[in-house]
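> whatever this is, show me its structure:
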Amino acid sequence: SDADGPDSAELDVLGKIEQCARKACEDYLAQRDIYEDRIHRAAITPDLQVQIEAAAANALADFKAEILHDGNQLHTLLRAVGNREDEFREFKERHFLNRLPKNVSRGQRTLGILLLVVFVLLESILNGMFFAEGSEAGIIGGVVQALVLSVLNVGVAALFAVYGLPLLFHRRGGIKIIGALVGLLFALWLGGLNLAIGHFRDLFVAGAGSVQMTALLNQLTTAPLLLSDAKSAILVLLGVALGLLTVIDVAAMRDLYPGYGEIGRERQHAIDAYAEENARSLAAIMQLRDQGVEALSSAI
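Presented below is the predicted three-dimensional model:
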């Protein structure tokens with residue numbers, strides 16, 4: 001305790017501490033030199049700065065041009081959507097409609113058209129089989145003759161479903177009366193056509209393929225419901241059934257209120273066009289963004 005200076009143990013401790021301090025200082029200076037060298041090598045030169053600024057300016061110019069173009073396109077389409085919405089709302093208010101128009105998907109519409117084709121072919125084949133008994137050309141000739149009758153039957157039924165049947169669902173009483181008259185005319189046409197086909201088959205089979213118009217008219221006027229062959233009666237019933245099925249099939253593909261389906265489809269088309277253009281614009285902006293990032297990254 002009365003010693004004037006450090007002993008050997010204390011000198012060893014001080015020496016060890018100084019040694020560690022010098023080693024830590026050397027490590028610090030070495031690491032600092034490394035970082036300073038990295039910073040110096042990463043410094044932006046004037047040429048590189050001009051290149052980066054040019055790439056950024058080009059990216060901004062492309063963005064502004066694309067946004068201006070897309071904005072004009074979207075504004076036009078948005079106005080079209082607004083006009084269609086106004087027409088749709090006015091139509092609903094004018095006709096006191098509180099429901100949305102019937103929306104038929106493309107798949108359902110395709111299925112309905114395929115069913116129409118099936119109805120025509122089915123009636124043609126069945127008619128051909130019935131007409132084949134009196135035809136010299138056999139079932140082939142019967143099908144060819146029956147195809148025309150099938151088109152008349154199914155075609156008129158489809159036209160009635162498109163233009164005549166919706167009149168029965170109109171709000172105005174006068175148009176409903178017209179629709180009822182059109183429906184009555186269609187019923188007379190459907191029944192009369194198929195009865196004429198049935199009587200035509202009777203005379204066709206009896207005359208071995210030869211039918212006199214006077215005999216056909218006489219049969220239709222004197223005994224329209226009296227058929228001499230049961231197959232002819234079945235043919236009439238099949239024709240009436242396929243005509244009614246055609247009306248149901250076509251009506252299922254449309255909104256039954258006159259004009260409501262059309263204005264609803266136009267409104268939906270305008271909305272879809274706006275959404276499609278909006279998605280295209282977003283994709284174009286994102287592509288420009290990627291190009292700008294790539295240009296700046298390549299410069300750096």
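
> list the contacts for residue 109?
By CB atoms under 8 Å, 6 or more residues apart in numbering, the contact set of residue 109 is residue 253. C-beta coordinates here come from the backbone N, C-alpha and C atoms, glycine included.

> and it, how far from residue 249?
Shown here: residue 109 relative to residue 249, a distance of 11 Å by CB to CB, to the nearest Å.

> what's the answer for residue 123, then?
The gap separating residue 123 from residue 249 is 13 Å, by CB to CB.

> likewise residue 191?
19 Å.

> can you check residue 163 too?
15 Å.

> more neighbours: which of the two?
Just comparing residue 163 and residue 249: by other CB atoms under 10 Å the higher neighbour count belongs to residue 249, 22 against 12.

> right, and the more buried one touches residue 115 too?
Yes. Using CB atoms under 8 Å, residue 249 is in contact with residue 115, at 5.0 Å.

> what is the longest helix along the chain packed up against?
The longest helix of the chain (DSSP state H) is helix 46-94. Contacts defined by 3 or more CB pairs under 8 Å, 6 or more residues apart in numbering; DSSP states H and E place helix 46-94 against helix 260-299.

> and the angle from the helix it packs on to helix 46-94?
170 degrees (axes from the mean of the first three to the mean of the last three CA atoms, to 10 degrees).

> in helix 260-299, what's buried?
260-261, 263-264, 267, 270, 274, 277, 281, 288, 292, 295 (16 or more other CB atoms under 10 Å).

> tell me the average confidence for that helix?
For helix 260-299, mean pLDDT is 89.

> so what secondary structure elements neighbour that helix?
Right, helix 260-299 is packed against helix 46-94 by 3+ CB pairs under 8 Å, 6+ apart.

> ok now the helix it packs on, how far from the chain's centre?
25 Å (CA atoms, centre = their mean, to the nearest Å).

> stretch 158-176 too?
Using CA atoms, centre = their mean, the mean C-alpha position of stretch 158-176 is found 27 Å from that of the whole chain.

> so where's the stretch 101-250 of the chain uncertain?
When residues are selected by pLDDT under 70, those of the stretch 101-250 of the chain lie in 130-146, 205-212, 216.

> picking that back up, now flag whichever of the buried residues of helix 260-299 is closest to residue 222.
Distances from residue 222 to the buried residues of helix 260-299, taken as CB to CB, are shortest for residue 261 (44.8 Å).

> what sits against that closest one?
With CB under 8 Å, 6+ apart, residue 261 has these contacts: 101-102, 254-255.

> which of these sit farthest apart?
Pairwise distances among the contacts of residue 261 were taken by CB to CB; the largest, 9.5 Å, belongs to 101 and 254.

> quick one: neighbours of residue 31, just the number.
Residues contacting residue 31 under the criterion other CB under 10 Å number 10.

> mean confidence score for the host helix or strand of it?
Secondary structure assignment for residue 31, by DSSP states H and E: helix 8-42. For helix 8-42, mean pLDDT rounds to 91.

> and the pLDDT at residue 85?
So, for residue 85, pLDDT stands at 92.

> from the buried residues of helix 260-299, which is closest to residue 48?
residue 295 (13.2 Å).

> still on that earlier bit, which one of the buried residues of helix 260-299 is nearest to residue 220?
residue 261 (37.9 Å).

> from residue 18, how far out is the closest one?
Residue 261 is 96 Å from residue 18, by CB to CB.

> show me the contacts for the residue nearest to residue 52 when sequence neighbours are not counted.
Nearest residue to residue 52, sequence neighbours excluded (CB to CB, 6 or more residues apart in numbering): residue 299, at 4.9 Å. By CB under 8 Å, 6+ apart, the residues touching residue 299 are 48, 51-52, 55.
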